[in-house]
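Visitor: Test case, fold it:
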Amino acid sequence: MPGGPGGGRSDEGVSGARRILEGARRRGALYAAGTTPSDGSEPLTAGVMIFSVTPPPGKAASAHALARRFPAAGRQWARGGARTFSTETLPRVGPVRRLMGVEEGELADGAPYRLLVMHTVVPVPGSRRVLVVLCFSPDLPLVVRVHELFDTVTATFSFGYGPPTATG
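Guide: Take a look at the predicted model:
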């Protein structure tokens, strides 16, 4: 999947992102969306998926186990590679567990891929269930900007009841 400045952005890159999002829906994603520029602006392709998981009785929802269960492209993470685990605080949620790293593997057609990924494990209030918010991008050269984007997206997460309200 092409990515990053000078990465030869093409219809192939867009169709690769589309395959990932369609795969997320097949794997039971509650939500899946992505973006890629079509106006010739600075390239940044990214996506987000949300999965709901209820851990087995007596088991915790480990960020590492959930990242292995929910890779961005529907394949297992390659062995090795740098991963960072942390506990963060989302403004309207509270403490969450987070795993960031690079997912490497092969798509179903055998094409190799590398994606920046961020898995954020959000506990559902009053439930054993957790939501896994998975952000991804093939734009490895833009790692700082991509992580800032992922932080911004996940910071907007909240649980709400009733009609949505505007925030300012």
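Visitor: Bridge partners for the closest residue to A46 other than its chain neighbours, pull those for me.
Guide: Excluding the flanking residues, the one nearest A46 by CB to CB, 6 or more residues apart in numbering is S137, at 4.2 Å. No exception for glycine: its C-beta is placed from N, CA and C like everyone else's. Beta-bridge pairing for S137 (DSSP bridges): L116.
Visitor: For burial, what's the neighbour tally of S137?
Guide: 28 (other CB atoms under 10 Å).
Visitor: What's the separation between it and E103?
Guide: Here S137 is placed at a distance of 11 Å from E103 (CB to CB, to the nearest Å).
Visitor: Spit out the residues that contact those two alike.
Guide: Common contacts of S137 and E103 (CB atoms under 8 Å, 6 or more residues apart in numbering): L115.
Visitor: mean confidence for the helix or strand where E22 lies?
Guide: Taking DSSP states H and E as the criterion, E22 maps to helix 11-26. Mean per-residue pLDDT for helix 11-26: 69.
Visitor: just stretch 157-168 next, same as before
Guide: 67.
Visitor: Enumerate every residue touching S86.
Guide: R97, R98, M100.
Visitor: Keep only those of those residues that are in strands.
Guide: Among those, DSSP state E puts R97, R98, M100 in strands.
Visitor: Next, format those residues as a markdown table and append distance to T35 and neighbour count.
Guide: Formatted as a markdown table, the ones in strands among the contacts of S86 follow (distance: CB to CB, whole Å; neighbours: other CB atoms under 10 Å):
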| residue | distance to T35 | neighbour count |
| --- | --- | --- |
| R97 | 26 | 21 |
| R98 | 21 | 21 |
| M100 | 20 | 22 |
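Visitor: and the contacts of S86 as TSV, adding pLDDT?
Guide: Output for the contacts of S86, formatted as TSV (pLDDT from 0 to 100):
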residue	pLDDT
R97	91
R98	91
M100	90
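Visitor: Tell me the one of those residues nearest G28?
Guide: R97 (20.5 Å; CB to CB).
Visitor: is it true that the closest one touches T87?
Guide: Yes: with contact defined as CB atoms under 8 Å, R97 counts as touching T87 (5.9 Å).
Visitor: G34 - how many residues pack around it?
Guide: 17.
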